[in-house]
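**Student:** Here's my sequence, what's the structure:
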Amino acid sequence: MDLSRKGKRLADFFYVIDRAKIRELADAIKDPNPIYRETAAAQEAGYPDIIAPPTFATSINLCGGPGFHELCESLGADPLRVLHAEQEYEYFQVISPGDRLRVTIDVADIYSKGGKMGAMQFAFLETTITNQEGEKVLIGRSTILEKQISKGP
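**Tutor:** Residues are numbered from 1 along each chain as shown. Coordinates of the predicted model:
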């Protein structure tokens, strides 16, 4: 990985939330909760419309952001040696159909570390999503690991 990418922006894009995509994800993860599919159930739970499941932010990145190879290229990483090591989301608001979200992905930190298993490089990405009113919806934090090839003795 290119250690000079620390503090740099990797992506900045907009994504409009589609009702069908919310249902698609709920079906794919086999979550039967009706608040992801039925407006009446969501309203009964206190929401104005259906809401997106908690991991929907991953769909936003996969469908609207840089693809895996583009992300690796931006980090200076070899896609054949990359592992998505960790993911977390901190929500401030729910995501609903019609939301027009701005998504930014920044390299919060990036460093190399050696050990018994050989050298590894870590990139810590922070995804910030705001809505059409400029309000923060969530922060996603992910860790990308790249295993370095040993050069031998």
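**Student:** which secondary element of the chain has the worst mean pLDDT?
**Tutor:** helix 56-64 (a mean of 87; mean pLDDT, DSSP states H and E).
**Student:** List the buried residues of whichever helix or strand comes after it.
**Tutor:** The helix or strand immediately downstream of helix 56-64 is helix 68-75, counting by DSSP states H and E. Buried residues in helix 68-75, counted by 16 or more other C-beta atoms under 10 Å: 71-72, 74-75. (Each C-beta comes from the backbone N, C-alpha and C, glycine too.)
**Student:** how about these in TSV, adding pLDDT and distance to residue 8?
**Tutor:** Formatted as TSV, the buried residues of helix 68-75 follow (pLDDT from 0 to 100; distance: C-beta to C-beta, whole Å):
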residue	pLDDT	distance to residue 8
71	90	13
72	90	15
74	91	8
75	92	9
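**Student:** Return the closest of the residues you listed with respect to residue 91.
**Tutor:** Using C-beta to C-beta, residue 71 comes nearest to residue 91 of the buried residues of helix 68-75, at 22.8 Å.
**Student:** Leaving out sequence neighbours, find the closest residue to that closest one.
**Tutor:** Of all residues not flanking residue 71 in the chain, residue 10 sits nearest, at 6.7 Å (C-beta to C-beta, 6 or more residues apart in numbering).
**Student:** Quick one: name whatever helix or strand follows the helix or strand that contains the one you found.
**Tutor:** Assessed by DSSP H and E, residue 10 sits inside strand 9-16. Helices and strands here follow DSSP H and E; after strand 9-16, the next one along the chain is helix 19-28.
**Student:** So what touches that following helix?
**Tutor:** 33, 36-37, 50-53, 55-56, 59, 63, 95, 97 (C-beta atoms under 8 Å, 6 or more residues apart in numbering).
**Student:** Quick check: the farthest pair among the residues you listed?
**Tutor:** 33 and 63 (21.4 Å).
**Student:** Brilliant, that's me finished.
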